[in-house]
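Undergrad: okay, sequence plus prediction incoming.
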Amino acid sequence: MNKFAITMGDPCGIGPEIIVKALQKQPQYINSAIIFGNAAMFNFYRKKLHLAVGVHEMKTHLDFQKGFCNVYDPNPVLLDRFKIGQINALGGDCAYKYVISAIGAALASEISFITTAPLNKKAMHLAKHFFDGHTEIFAKLSKTENYAMLLWSPKLKCIHVSSHISLIQACKTLNTARIINVIKLADSALKKLGCKKPRIAVAGLNPHASEDGLFGDEEKKIISPAVKKCKRLGINVTGPHPPDTVFLKAYEGRYDIVVGMYHDQGHIPIKLLSFDTGVNITVGLGIVRTSVDHGTAFDIAGKFQANCDSLLQAIILGRKLSK
């Protein structure tokens with residue numbers, strides 16, 4: 001099995017806990033996973049959760065030993081400096097350094113894919129790393145311009161035309177070329193995941209997809225031309241569909257994925273249906289990155305209540321995409 005990375009995310013959140021729980025549930029990953037994170041924090045949770053496998057603190061991310069949980073820490077910090085369950089600059093700084101180290105290993109082809117545990121945007125900003133999230137870090141360091149956030153769940157899948165920008169900015173910047181690119185990314189990603197001819201539904205921006213211009217003209221002027229162009233390219237795509245019904249139709253099996261126009265349009269139905277099993281995939285990168293579809297959950301960090309199912313599903317999808 002090829003080696004892959006799991007980044008710890010913010011060590012003050014639930015990241016280290018869900019990683020230990022995931023390795024307990026699926027111990028076969030121990031001999032292929034490199035955990036980019038704080039070794040002392042990992043060891044703390046390992047002992048509390050009674051994971052019998054020992055820890056190998058790697059000197060470099062090539063210093064791998066089978067039979068151990070391999071942890072590479074690019075920014076060693078003593079355990080007592082962390083404030084579990086609290087937003088702070090130290091946690092944000094560590095999370096950032098873990099992920100950029102893993103990206104470096106992926107770009108050097110030393111690992112086959114990266115699965116990320118959650119970081120906290122405010123903590124990262126307190127540490128002077130001004131990114132809106134994982135997606136933007138990966139895009140910048142891999143020098144990728146054409147990428148998108150795809151949310152995968154067993155029940156529903158959605159890809160976003162825009163993600164971490166304000167709603168008013170999402171409306172102002174909506175354009176045909178971007179929608180065409182996202183439709184193409186959706187088609188390519190689903191084919192890699194085993195769907196031979198993906199059925200893609202494009203959501204409208206306005207209520208009822210504007211209802212023939214009653215509630216706006218973005219559907220006619222911006223979205224429809226993108227759908228028509230992609231149809232001519234041989235992509236099985238339809239729309240724009242009314243946003244209030246298209247997700248239900250996809251959930252019922254009529255479509256394989258929905259192209260959402262902005263962040264919450266896709267996130268709300270996915271998280272409602274599959275909060276514990278959803279996966280965030282950054283598509284279009286030169287490296288494979290999958291992630292849990294939830295946050296750092298500081299309110300339950302250190303209480304041993306976190307669910308690792310989203311992380312396990314992210315690893316499964318990472319392996320599929322990397323092949």
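TA: Sure, I can see it. Residues are numbered from 1 along each chain as shown.
Undergrad: report the beta-bridge partners for the residue nearest in space to the middle of the chain.
TA: Central residue of the chain (Cα atoms, centre = their mean): residue 280, 2.9 Å from the mean position. Judged by DSSP bridges, the bridge partners of residue 280 are residue 151, residue 291.
Undergrad: hmm, it is touching residue 292, no?
TA: Yes - here residue 280 reaches residue 292: they are 7.0 Å apart, a contact under Cβ atoms under 8 Å. Placement of C-beta: from N, CA and C, glycine included.
Undergrad: joint contacts of the two?
TA: By Cβ atoms under 8 Å, 6 or more residues apart in numbering, residue 280 and residue 292 have these common neighbours: residue 314.
Undergrad: thinking again about what came up before, and the residue nearest to the centre of the chain, how far is that from residue 76?
TA: Relative to residue 76, residue 280 is positioned 28 Å away (Cβ to Cβ, to the nearest Å).
Undergrad: and residue 209, by the same measure?
TA: Distance from residue 209 to residue 76, by Cβ to Cβ: 53 Å.
Undergrad: more crowded one of these two?
TA: residue 209 (25 against 10; other Cβ atoms under 10 Å).
Undergrad: tell me the confidence at that one?
TA: pLDDT recorded at residue 209 is 88.
Undergrad: so where is the stretch 101-250 of the chain shaky, pLDDT-wise?
TA: By pLDDT under 70, the stretch 101-250 of the chain has no low-scoring segment.
Undergrad: can you do 90?
TA: Along the stretch 101-250 of the chain, segments meeting pLDDT under 90 span 132-133, 135-136, 145, 154, 163-165, 192-194, 209-216.
Undergrad: show me where it has strands.
TA: 114-116, 148-152, 157-160, 200-203, 237-241 (DSSP state E, counting those that start in this stretch).
Undergrad: adding distance to residue 61 and mean neighbour count, write those strands out as a markdown table.
TA: Below are these laid out as a markdown table (distance: least, Cβ to Cβ, whole Å; neighbours: other Cβ atoms under 10 Å):
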| stretch | distance to residue 61 | mean neighbour count |
| --- | --- | --- |
| strand 114-116 | 12 | 29 |
| strand 148-152 | 26 | 25 |
| strand 157-160 | 31 | 26 |
| strand 200-203 | 38 | 26 |
| strand 237-241 | 40 | 22 |
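Undergrad: minimum distance to residue 32: which of these has it?
TA: strand 114-116 (11.5 Å; Cβ to Cβ).
Undergrad: what does the closest one contact?
TA: So strand 114-116 is in contact with 4-7, 9, 99, 102-103, 106, 134, 287-292, 311, 314-315, 318, going by Cβ under 8 Å, 6+ apart.
Undergrad: pretty sure residue 26 sits against residue 311.
TA: No - if you go by Cβ under 8 Å, residue 26 and residue 311 don't touch, sitting 9.8 Å apart.
Undergrad: these two: who's more crowded?
TA: residue 311 (30 against 15).
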